[in-house]
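1. Pasted the sequence and its predicted model underneath.
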Amino acid sequence: MISIVIPTFNEAENIIPLLKNLVELVNDFEYEIIVIDDDSPDGTSDEVNKYMKFNKRIKLITRIGRSGLSSAIKEGLIFAQGKYLLVLDGDGQHHPSFVLEMLEEIKQTKSDIVIGSRFLNSSKLEGLSNKRSLGSKIANKLARISLSKNYMKLTDYLSGCFCLDKETTKKFIRKIEINGFKFLYELLSLSRGKLSVIEVPLLFKERKFGNSKLDIAIVWDFLISIIHNLTLRLLPRRAISFGLVGISGVFVQLFMTSFLVEIFSIDFYNALPFAVISAATSNFLINNQLTFRSDRLKNLALLIGLLKFLIVASLPVIANVGITTAFYKYISADTFIAQIAGIAIVYAWNYLASSSFVWKKSI
Ligand code: GDD
Ligand code: MN
């Protein structure tokens, strides 16, 4: 039996033509098609529901509250019954003509994963703008260097179209981190070169209706994943993101002080508090968009969050001086190491306090 898993968000106009196409293709197999829709406001679930009346092999999971692409795929795969699990986009961009070939390949070669690649020589890319195509190429390069060398020859680590052997991949599927878009990358990362993977070329069509859901937060999430993988998955992803945003704050502060001093001729001591508050505010806003986007604060909560963040961040200013002095006095007389120790402790404090006090939910 094969299970076809299709994640959807606002694909009301695309999903039924795709389902019809797929059903025709796989009619001779024992199959199920599972659509995982995040309660799309455009009524995707209603469309699928109507269509299901004619075909009992189509199943629908409607999740309440949007939870994201990777989490939808994971949920669909865990629910699926088939020996082979095939994932493809619900907008018709992955032309279904390759479904049979992918199934054939996974059976013949007994591989654990068959990727539908957009970047083999024989792949056809109709629906990727130059900007996206360049972005995907860079992302694929980063993915390649961060993954096991057994996967070095692959060309599309981020494809949304792939076929899995359930038996050999299920223990990794369970462990997949559900934020963002990068399901396949995560699977390759967690399996550390132990799975056998082959690729078949894909025809990547243009989207007919609606828009892509890929945004800056998803790109950021992917970069964090690369660093997470390169640092042996030791630090929580959010802590990495928080750290990078913190570094950006250093630049904001340096820029603001020189801006106020040079342009407005304000003296340094008066400029400094403004610069520090600007840096903290910029850190707060960026973290709200990127690091804590699943708990994103809005409107009044955003303002209250900012005040809390400023309190959280101001405590360690005093602590930093204390810790650095104590470290210098009692542990090491090296001023550089003393300062690094101070920064490390302040960073840990800021991260832990922000996660539980400003954005609450999880650490
Ligand atoms: N359930 C659910 N929840 N589905 C989602 C969500 C979500 O939050 N976000 C996106 N989807 C569905 C879309 O409805 C579509 O069927 C599929 O996932 C892919 O989303 P698109 O928004 O069309 O992605 P894309 O075409 O820009 O990106 C393609 O390339 C990426 C790599 O560059 C896709 O193939 C991605 O899967 C791939 O990672
Ligand atoms: Mn798409």
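-> Yep, that arrived. Ligands and ions are numbered 1, 2, ... in the order given.
2. in terms of contact, does Leu22 touch Val99 like I think?
-> Yes: shown here, Leu22 and Val99 form a contact pair, counting by C-beta atoms under 8 Å, at 6.8 Å. Where you see a C-beta, it was placed from the backbone N, CA and C, and this is true even at glycine.
3. Mind telling me which residue of the stretch 151-300 of the chain is nearest ligand 1?
-> Gly160 (2.1 Å; C-beta to the nearest ligand atom).
4. where's that residue relative to ligand 2, distance?
-> According to C-beta to the ion, to the nearest Å, Gly160 stands 7 Å off from ligand 2.
5. So that residue lies in a strand, does it not?
-> No: Gly160: not assigned to a strand; according to DSSP: H, G, I helix; E, B strand; the rest coil it is coil.
6. and it, what does it touch?
-> Going by C-beta atoms under 8 Å, 6 or more residues apart in numbering, Gly160 touches Leu69, Val87, Leu88, Asp89, His94, Phe181, Phe183, Leu184.
7. if you set the cut-off to 6 Å instead, what comes out?
-> By C-beta atoms under 6 Å, 6 or more residues apart in numbering, the contact list for Gly160 reads Asp89.
8. coming back round to it: looking at Leu22 and Val99 now, which is surrounded by more residues?
-> Val99 (22 against 19; other C-beta atoms under 10 Å).
9. Let me see the backbone angles for His94.
-> phi -90, psi 100 (degrees, to the nearest 10).
10. Go ahead and list the helix or strand containing the closest residue to Ile345 other than its chain neighbours.
-> Once flanking residues are discounted, Ile345 sits nearest to Ile323: 5.3 Å by C-beta to C-beta, 6 or more residues apart in numbering. Assigned by DSSP states H and E, Ile323 falls within helix 299-326.
11. and the next element down the chain from that helix?
-> That would be, after helix 299-326 and using DSSP H and E, helix 335-353.
12. packing partners for that following helix?
-> Under the contact definition 3 or more C-beta pairs under 6 Å, 6 or more residues apart in numbering; DSSP states H and E, helix 335-353 sits against helix 299-326.
13. if you set the cut-off to 8 Å instead, what comes out?
-> Packing partners of helix 335-353 (3 or more C-beta pairs under 8 Å, 6 or more residues apart in numbering; DSSP states H and E): helix 237-264, helix 299-326.
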